[in-house]
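> Provided below are the primary sequence and the corresponding predicted coordinates.
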Amino acid sequence: MNRLWRSAVTRSGHVSATTLMVCLTSAVAIGVPRDGHAQGYRVVKGLSFSQADPSLTLDLYLPKATSAQPCVIVIQGGGFRPQNGQRFRPIAEHLASRGFCSALISYRGRPQHHFRETLADVKDSVRFVRRNGAKYGIDPDRIGAVGRSAGGTLAALLAVTSDAEDDESRIQAAVGLAGVYDFVSRFSDADQLELQPDYRKKIESNGEWIGAAFSPSQADWREASPIAHVDSEDPPILFCHSKNDSTVPWIQSAEMHRAMRQAGVSSELKIFETGGHRVAPEGKLPLETMTDFFKRRL
C-alpha cells in the first residue's frame, strides 16, 4: 500500500460515454428504480458519486433480500479511456441475480486524465456505496470489485492501495480478468513481448494513461502497477486469464498471483487455454467462477 494515493482520491472530472454492448430499451430518470423483471432485482440508475461536471454516476443493481447483502463494484475495461460502464451491464445483472448488490460505475481516463485520477474515481465509488449502504440494503463491511482488462487493473489497484487512514475506500475481495498488473514487465520481458504482436501501440496508449514515456526505471510506470503495492494486508484476489490472450499476456496474472502468495496474501489463479482477451472460453465469461469466489470471500 502507498500513501501517495490519498492525495488523489477525492478529485473528479468529466467522463464520456462509450458504445453500448446492449441497447437500452428506454430512457430512465436519474435515481429512479427500474424493474429487474423476473430476475428478482431492481435497478437504481444515475446516482452521482462525485463532484465532477458532469457528475460521474453509478447504477445499483439490488437483489430482493431481507437483510443487508455484499456489493461488488463492476469496473468496465476499455484501454484506460473514460467509461460509462454500460457494456458490463451483463456482469452486474448476473451478480444481482445471484444475490449480490452490484454497482456499475463510470470513471475518467486518457488522454485528459491519468492513472491517479482514474483510481480516485474508482475509490470515490466505493466511498459512496459504503456511506449509502444502509439506504440500499448493502453491507458496508462486504464490498468487492471486479473488472476486465483495464478494469481488472483498476480492481487490483483498488485492492492493494488502501490503508488504515483510507478505510472508507477499502474493499474485502477482488476479481481481475485479463488485467495488467506490472506495466514495466509487460514491455521489458521478452516472453511477454512475444505474446503481444501490437505491443508498440500498447506502450503508447499505456503511457498516455500513466502520463510518461515508457522506461523501465520511470517511477510512474511502477507506481501505476498493482504489483508494486502488494503487502501482507491486502484482501484476497482471484485472477483469471486466457493463455491465448494476445492483448495482455497471461503471464501478468501469473506474476501478480505469485507476488501475492510471496507476501502471504490469499490469491487464486485460473488460467484458461482459450478465450482470448475477453477471457471467454467457449464464448462465455467465467461468471460462475467469479460468483463462487465472491460467495466465499464476501
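Good, I have the coordinates.
> Please, where are all the helices along the stretch 101-250 of the chain?
Taking DSSP state H, counting those that start in this stretch as the criterion, the stretch 101-250 of the chain carries its helices at 115-131, 133-136, 150-160, 183-186, 190-194, 199-210, 219-223.
> winner for burial among those helices?
By mean neighbour count, with neighbours taken as mean count of other CB atoms under 10 Å, helix 150-160 ranks first of these at a mean of 29. Any C-beta I mention is one placed from the backbone N, CA and C, and that applies to glycine too.
> Of the helices of the stretch 101-250 of the chain, give the one that comes closest to Ser253.
helix 150-160 (8.5 Å; CB to CB).
> so where's the stretch 1-150 of the chain shaky on pLDDT?
Under the criterion pLDDT under 70, the flagged ranges of the stretch 1-150 of the chain are 1-39, 52-54.
> Could you report the pLDDT at Glu282?
If you check Glu282, the pLDDT there is 85.
> Kindly tell me how buried the residue lying closest to Leu47 once chain neighbours are set aside is, as a neighbour count.
Counting by CB to CB, 6 or more residues apart in numbering, Leu47 lies nearest to Leu58, which is 5.4 Å off, once chain neighbours are set aside. Using other CB atoms under 10 Å, Leu58 has 26 neighbouring residues.
> For Leu58, give the beta-bridge partners.
Leu47, Ile105 (DSSP bridges).
> In this structure it contacts Ser102, no?
No: checked against CB atoms under 8 Å, the pair Leu58 and Ser102 is beyond contact range at 9.7 Å.
> so which of the helices of the stretch 101-250 of the chain comes closest to Lys284?
helix 150-160 (17.4 Å).
> And that closest one, how far out from the chain middle?
5 Å (CA atoms, centre = their mean, to the nearest Å).
> Show me what it packs onto, helices and strands only.
Secondary-structure packing of helix 150-160 (3 or more CB pairs under 8 Å, 6 or more residues apart in numbering; DSSP states H and E): strand 69-75, helix 115-131, strand 138-148, strand 173-177, strand 237-242.
> Let me know the angle separating it from helix 115-131.
70 degrees (axes from the mean of the first three to the mean of the last three CA atoms, to 10 degrees).
> what inclination does whichever strand or helix holds Arg89 have with respect to strand 69-75?
Element membership for Arg89, per DSSP states H and E: helix 89-97. Angle, helix 89-97 to strand 69-75, by the same axes, to 10 degrees: 170 degrees.
> Quick check: buried residues in helix 89-97?
Within helix 89-97, the residues that count as buried by 16 or more other CB atoms under 10 Å are Arg89, Ile91, Ala92, Glu93, His94, Leu95, Ala96, Ser97.
> Nice, that's everything, thank you.
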